[in-house]
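Chemist: Sequence first, then the predicted structure:
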Amino acid sequence: MMQADMPRLVLASASMARRALLDAAGLRFEALPAAVDEAAIKQAAQAEDIPAADTAMMLADAKAERIARRDPEALVIGCDQLLVCDGRWYDKPPDISAARTQLLELRGRTHDLVTAVVCHRHGARVWQHLARPRMTMRQFSDAFLDAYLTAEGDRVLGSVGAYRLEGPGVQLFARIQGDQAAILGLPLMELLGFLRQHGVLPD
């Protein structure tokens, strides 16, 4: 038996990449996106000079807590990821033009993907973990960038970095440091270790 019947797992996220990671790992779970005002939380954090790592954890915690309130018996997984380059925080681009501008700003530079995961059950946070992959983009040409955006289209709008590392976006990079799953938005090895300790998965 690869997974206990209880507690049920709930992923408080609409991210297809995170769902795919849990699916590929053979986990049974329900995905319920949490209605959290992420922009307001980020703005307040920046106004108070709260570090990106703490902010990512706050966002992940808010998502897990929101869903856990509705289903306290479930083990709820909340996640968040912030892209930070030279102190600036980036959000998902609203359109292709903004994605192009963002990628030009990141070209030839190194950025961090501050990635937080939090688990809630019975009205309390029971586990948390923070990963910080570092990504260095190469000095790609404008022609390559235009070809990339044409090939990927609106798919780039679903990522805070305007790239899918599991797709053609990997060609944007010269160097990648960190776990692939954490780059995709969920530190999977650490989560699986916690689930084994919690009795959800067998030793």
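Modeler: Received the coordinates, thanks. Numbers count the residues shown, from 1 in each chain.

Chemist: So what's the gap between the lengthiest helix in the chain and the chain middle?
Modeler: Taking DSSP state H as the criterion, the chain has its longest helix at helix 52-70. Offset of helix 52-70 from its chain centre (CA atoms, centre = their mean, to the nearest Å): 12 Å.

Chemist: Can you dump the C-alpha atoms of it in CSV for me?
Modeler: C-alpha atoms of helix 52-70 as CSV (Å, rounded to 0.1, in the frame of the first residue of the first chain):
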residue,chain,number,x,y,z
ALA,A,52,11.2,37.5,0.5
ALA,A,53,11.7,34.1,2.3
ASP,A,54,9.4,35.1,5.1
THR,A,55,6.9,36.5,2.6
ALA,A,56,6.8,33.3,0.6
MET,A,57,6.2,31.3,3.8
MET,A,58,3.4,33.7,4.8
LEU,A,59,1.7,33.2,1.4
ALA,A,60,2.1,29.4,1.5
ASP,A,61,0.7,29.4,5.1
ALA,A,62,-2.2,31.6,4.2
LYS,A,63,-3.2,29.2,1.4
ALA,A,64,-2.9,26.1,3.5
GLU,A,65,-4.8,27.7,6.4
ARG,A,66,-7.6,28.9,4.2
ILE,A,67,-8.3,25.4,2.9
ALA,A,68,-7.7,23.7,6.2
ARG,A,69,-10.3,25.7,7.9
ARG,A,70,-12.9,24.1,5.6
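
Chemist: all helices for the chain, in order.
Modeler: Ranges of helices in the chain, per DSSP H, are 16-24, 38-47, 52-70, 96-106, 142-152, 180-183, 188-197.

Chemist: Any stretches of this protein with poor pLDDT?
Modeler: Within the chain, the set of residues satisfying pLDDT under 70 comprises 1.

Chemist: doesn't residue 149 make contact with residue 169?
Modeler: No: between residue 169 and residue 149 there is no contact, the gap being 10.5 Å when judged by CB atoms under 8 Å. Quick note: C-beta positions are derived from backbone N, CA and C, even for glycine.

Chemist: re earlier: would you mark the buried spots in the longest helix of the chain?
Modeler: Under the neighbour-count criterion of 16 or more other CB atoms under 10 Å, helix 52-70 has 52-53, 55-68 buried.
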